[in-house]
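Peer 1: Sequence and predicted structure, then a few things I'm wondering about:
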Amino acid sequence: MITVPADPFPFAFDPDHVALLCIDFQRDFMEAGGFGESLGNDVSRLRSTIEPTGRVLDLFRRQGWPVIHTREGHRPDLTDLFAAKRDRGNPTLRIGEEGPMGRLLVRGSAGHGIVPELAPVEGEVVLDKPGKGSFYATDLETILRARGITSLVVTGVTTEVCVQSTVREANDRGFESLILADCTGSYFPEFHQSALAMFSAQGGIVGWVGTSDALLDAVPTATAGTAAATTTDEEVGQ
Ligand code: C5J
């Protein structure tokens, strides 16, 4: 077992049963001209997550531990987009409309892709999801159970939206999540802090909160995972 200092108490995981979740590090949320900016957000607030997440990704790749990337978005014909989601808010552009990086939050457009710094490599799962939670309308649970994964290290954006939905869904399914504070981010710093506090409150009611450094320090350099290579989602390539 590997034990990582965390709130509310150390997070212990078996390296043969752990996976890294990289949630929605998409250009549409992280770069100018995307969906996040169309909603009036300052997307530069998410950029600080890239460097530490890159170091955690390197760790998982070195160890041979599974990595799963998610992308929020919709079919080009928008048949999986509820009106309730399409019409919410007062954006300059709506989902499916043409922006500087192609159609907003539509699979296959440039903006839907993951930022180049954190791009998936061959053998990593890329999971497309129409909602906020990564378990909703996806085969994530099947993928995790088929691999015997019980522990999740969670990174991604935004903390109080897709990360929060996902870790709550994971918790209800019996998975244990370590959410890395510096590898998650929000357009609203106060929401980031509040969401992290909610995860670890009440004895870890949703999960554990730690940092990339604490995780990196806790993993012995000689430890090599035995997990086999992951499968790539064939439906949509990066
Ligand atoms: C949002 C997400 N914020 N990935 N999506 O709409 O958190």
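Peer 2: Structure's in. What do you need?
Peer 1: Check which strands are paired with the lengthiest strand in the chain and give the direction for each one.
Peer 2: In the chain, assigned by DSSP state E, the strand with the most residues is strand 176-185. Strand 176-185 sits in its sheet next to strand 151-157 (parallel), strand 208-210 (parallel), going by DSSP bridges.
Peer 1: which non-adjacent residue is nearest D139?
Peer 2: Leaving out its chain neighbours, the residue that sits closest to D139 by C-beta to C-beta, 6 or more residues apart in numbering is L127, at 7.7 Å. (Each C-beta comes from the backbone N, C-alpha and C, glycine too.)
Peer 1: The one you found looks like it's in a helix, true?
Peer 2: No: the assignment for L127 is strand, going by DSSP: H, G, I helix; E, B strand; the rest coil, so no helix is present there.
Peer 1: which ones are touching it?
Peer 2: Contacts for L127 (C-beta atoms under 8 Å, 6 or more residues apart in numbering) come out as I68, H69, T70, R71, S134, T138, D139, L140, I143, D233.
Peer 1: Which members of the residues you listed are classed as buried?
Peer 2: Taking 16 or more other C-beta atoms under 10 Å as the criterion, what is buried in the contacts of L127 is I68, H69, T70, R71, S134, T138, L140, I143, D233.
Peer 1: from what I can see the fifth one touches R168, true?
Peer 2: No: between S134 and R168 there is no contact, the gap being 10.7 Å when judged by C-beta atoms under 8 Å.
Peer 1: Can you give the contact residues for the top helix by length along the chain?
Peer 2: Scanning the chain for the helix with the most residues, using DSSP state H, yields helix 189-204. Contacts to helix 189-204, defined as C-beta under 8 Å, 6+ apart, come from residues 6-9, 45, 158-160, 163-164, 167, 177, 179, 181, 184-186, 205-209.
Peer 1: and P189, how many neighbours?
Peer 2: Using other C-beta atoms under 10 Å, P189 has 11 neighbouring residues.
Peer 1: for E117, same thing?
Peer 2: Applying other C-beta under 10 Å, we find 13 residues neighbouring E117.
Peer 1: now F175
Peer 2: Neighbours of F175 (other C-beta under 10 Å): 23.
Peer 1: pLDDT at it, what is it?
Peer 2: Predicted confidence (pLDDT) for F175: 98.
Peer 1: which non-adjacent residue is nearest it?
Peer 2: L152 (5.4 Å).
Peer 1: That neighbour - how many residues pack around it?
Peer 2: When neighbours are counted by other C-beta under 10 Å, L152 comes out with 23.
Peer 1: For V206, which residues are in contact?
Peer 2: Contacts of V206 by C-beta under 8 Å, 6+ apart are V167, R168, N171, S177, M198, F199, S200.
Peer 1: distance between stretch 91-109 and the chain's centre?
Peer 2: Computed by C-alpha atoms, centre = their mean, to the nearest Å, the separation of stretch 91-109 from the middle of its chain amounts to 20 Å.
Peer 1: I appreciate the help and will end here.
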